[in-house]
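Chemist: next come a sequence and a model predicted from it.
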Amino acid sequence: MKQTEAITNDSQPHILPFVGGNVREMSACQAILDALDNKPSVMKVYSNGQLMQKPDSFLPLPHEDDVAYQRRLRSIYECKTFLIYISGIDDRFAPEHLDWLRGCVRRFRPKCRHYDLELFFGWYQATPGGVHSEACFNAHQVILGAKAMLLWRPDSLTPSSEKTMRIDEEIYINSDVITPPDWRLHASRGDTFVWPERYWHVGESPTMSAAINLAAYP
């Protein structure tokens with residue numbers, strides 16, 4: 001297993017520290033509400049690993065702060081693990097973070113056919129669905145708290161077709177064929193994970209975190 005420090009080879013996963021000055025303190029509750037105001041294409045809520053069919057009650061209330069929101073989810077809904085995932089967010093969302101992420105992507109992938117802006121919020125032992133890969137370059141900036149990203153080279157995991165499941169453009173892998181990761185990277189507020197297309201990965205966030213992801217498709 002590789003060490004957790006940043007890797008400088010541009011073809012491999014690594015962490016880019018934010019170099020634009022202080023990262024603006026951003027409320028996760030406000031980020032979620034702002035993202036939803038931008039009419040995203042997808043919004044999913046997972047509680048205790050299960051996809052919620054009626055997610056609206058799990059959303060933040062107006063003027064609710066992050067601590068009160070987490071307390072409500074844990075006490076009323078008994079959310080031992082929790083994730084809100086929003087994608088297809090309009091590019092008017094969080095412009096200072098989006099500018100930084102676009103710069104990260106252009107550094108490695110100057111030409112892309114389209115982008116998808118995503119928001120992740122919650123606390124979980126592993127991203128629901130588990131280890132997966134997709135055909136996009138990712139720049140993933142932590143805006144609240146801290147989290148880890150476990151990553152594997154595309155050829156480090158070579159499951160047979162019956163050990164995988166395809167959902168849209170993502171491929172998920174059965175846990176019984178997963179080996180120790182090639183990288184285990186840790187990032188805190190302001191830091192950005194970057195990793196190439198088709199690298200297997202899964203996020204870990206034992207405590208509350210939020211992150212904005214820019215997926216760039218070649």
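Modeler: Nice, thanks for sending it over.
Chemist: list the contacts for residue 192?
Modeler: Residue 192 sits next to 15, 16, 17, 18, 100, 101, 104, 139, 140, 141, 142 when contact means CB atoms under 8 Å, 6 or more residues apart in numbering. No exception for glycine: its C-beta is placed from N, CA and C like everyone else's.
Chemist: what's the distance between the third one and residue 89?
Modeler: From residue 17 over to residue 89 the distance is 24 Å, taken as CB to CB, to the nearest Å.
Chemist: ok, the last one next?
Modeler: With distances defined as CB to CB, the gap from residue 142 to residue 89 amounts to 17 Å.
Chemist: returning to what we had before: filter the contacts of residue 192 down to the buried ones, ChimeraX style.
Modeler: Buried residues within those, by 16 or more other CB atoms under 10 Å, are selected in ChimeraX with:
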select :15,16,18,100,101,104,139,140,141,142
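Chemist: from the contacts of residue 192, which is closest to residue 131?
Modeler: residue 140 (15.5 Å; CB to CB).
Chemist: so what does that closest one look like in phi/psi?
Modeler: Residue 140 adopts backbone torsions of phi -130, psi 100, taken as degrees, to the nearest 10.
Chemist: check the offset of the longest strand seen in the chain from the chain's centre.
Modeler: Scanning the chain for the longest strand, with DSSP state E as the assignment, gives strand 200-217. Chain-centre distance of strand 200-217: 2 Å, with CA atoms, centre = their mean, to the nearest Å.
Chemist: what comes up buried for it?
Modeler: Residues 200-205, 208-216 are the ones in strand 200-217 that count as buried (16+ other CB under 10 Å).
Chemist: and those, which is closest to residue 39?
Modeler: For the buried residues of strand 200-217, the residue nearest residue 39 by CB to CB is residue 212; the value is 16.9 Å.
Chemist: check contacts around the closest one.
Modeler: Neighbour list for residue 212: 31, 94, 97, 98, 101, 117, 118, 119, 120, 140, 141, 143 [criterion: CB under 8 Å, 6+ apart].
Chemist: make it 7 Å
Modeler: Shown in contact with residue 212 (CB atoms under 7 Å, 6 or more residues apart in numbering): 94, 97, 101, 119, 141, 143.
Chemist: closest to residue 109 out of the residues you listed?
Modeler: Residue 109 lies nearest to residue 101 out of the contacts of residue 212, by CB to CB, at 11.8 Å.
Chemist: quickly find the element holding that closest one.
Modeler: Element membership of residue 101, judged by DSSP states H and E, is helix 95-108.
Chemist: what is the subsequent helix or strand relative to that helix?
Modeler: Next along the chain after helix 95-108, with elements defined by DSSP H and E, is strand 114-124.
Chemist: what pairs with that next one, parallel or antiparallel?
Modeler: Applying DSSP bridges, strand 114-124 is found paired with strand 82-87 (antiparallel), strand 200-217 (antiparallel).
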